[in-house]
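>>> fold the following, please.
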Amino acid sequence: MEFQQSFEKFKLELRDKWLDYYEINLDWIHKLMDSTNRWYKLSEGSRPDSMFVLGAVSALDENARVLLNSFLELSSDYNKLVKALGLDFDPDIELDIRDKMRIQEAKSIPLLGEAESKEQNSNSDPDTDYLNQIRQDMNPQHPPP
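Modelled structure (predicted):
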């Protein structure tokens with residue numbers, strides 16, 4: 001079971017590296033795939049040709065390079081290799097999903113000023129509380145700030 005978990009983790013990391021690479025190089029990858037008609041059609045969208053994907057990920061990750069050597073001894077079906085590595089998806093669609101998730105996460109994380117303000121209100125200083133109590137006792141008509 002440990003190998004399978006390690007391999008799943010590896011696939012997720014490889015997926016992120018591939019998406020980062022694709023996003024950075026999106027313009028020329030689209031031009032190349034369009035001009036050479038090397039898009040691979042999927043049920044939802046398309047992705048670059050398998051040999052392009054495998055070449056890119058082998059340059060991005062040393063473990064992918066080692067695995068590809070072993071996988072190619074078992075099968076020369078590049079589409080199966082892309083599927084086995086968890087990269088058989090439309091990267092444009094996945095980038096849109098990833099961007100939306102990042103926006104959602106950013107909205108759920110309080111801004112630094114908001115977090116500090118809440119923390120200051122909830123973690124009041126005992127000395128300040130004591131002084132405020134004295135002020136209140138001295139002048140009950142005007143509560144402390």
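>>> domain map for the chain?
2-108, 112-145 (automatic domain parsing).
>>> just these: most buried one?
Of all the domains of the chain, domain 2-108 has the most neighbours on average by mean count of other CB atoms under 10 Å, namely a mean of 14. In short, each C-beta sits where N, CA and C put it, glycine included.
>>> what's the first-to-last distance across that one?
33 Å (CA to CA, to the nearest Å).
>>> circling back: include mean pLDDT when you put the domains of the chain into JSON lines, please.
Shown next, in JSON lines, are these (pLDDT from 0 to 100):
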{"stretch": "domain 2-108", "mean pLDDT": "94"}
{"stretch": "domain 112-145", "mean pLDDT": "65"}
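>>> strands of the chain, start to end?
39-41, 46-48 (DSSP state E).
>>> nearest to residue 13, of those?
strand 46-48 (18.5 Å; CB to CB).
>>> which strands or helices does the closest one pack on?
With contacts defined as 3 or more CB pairs under 8 Å, 6 or more residues apart in numbering; DSSP states H and E, strand 46-48 has these neighbours: strand 39-41.
>>> tell me which strands the strand it packs on pairs with, and in which orientation.
strand 46-48 (antiparallel) (DSSP bridges).
>>> which residues touch the strand it pairs with?
22, 29, 33, 38-40, 53, 82, 87-91 (CB atoms under 8 Å, 6 or more residues apart in numbering).
>>> quick check: longest helix of this structure.
helix 2-24 (DSSP state H).
>>> for that helix, packing partners?
Using 3+ CB pairs under 8 Å, 6+ apart: helix 2-24 touches helix 50-60, helix 91-108.
>>> let me have the ones you listed in JSON lines, extended by distance to residue 77.
Output for the helices and strands packed on helix 2-24, formatted as JSON lines (distance: least, CB to CB, whole Å):
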{"stretch": "helix 50-60", "distance to residue 77": "9"}
{"stretch": "helix 91-108", "distance to residue 77": "21"}
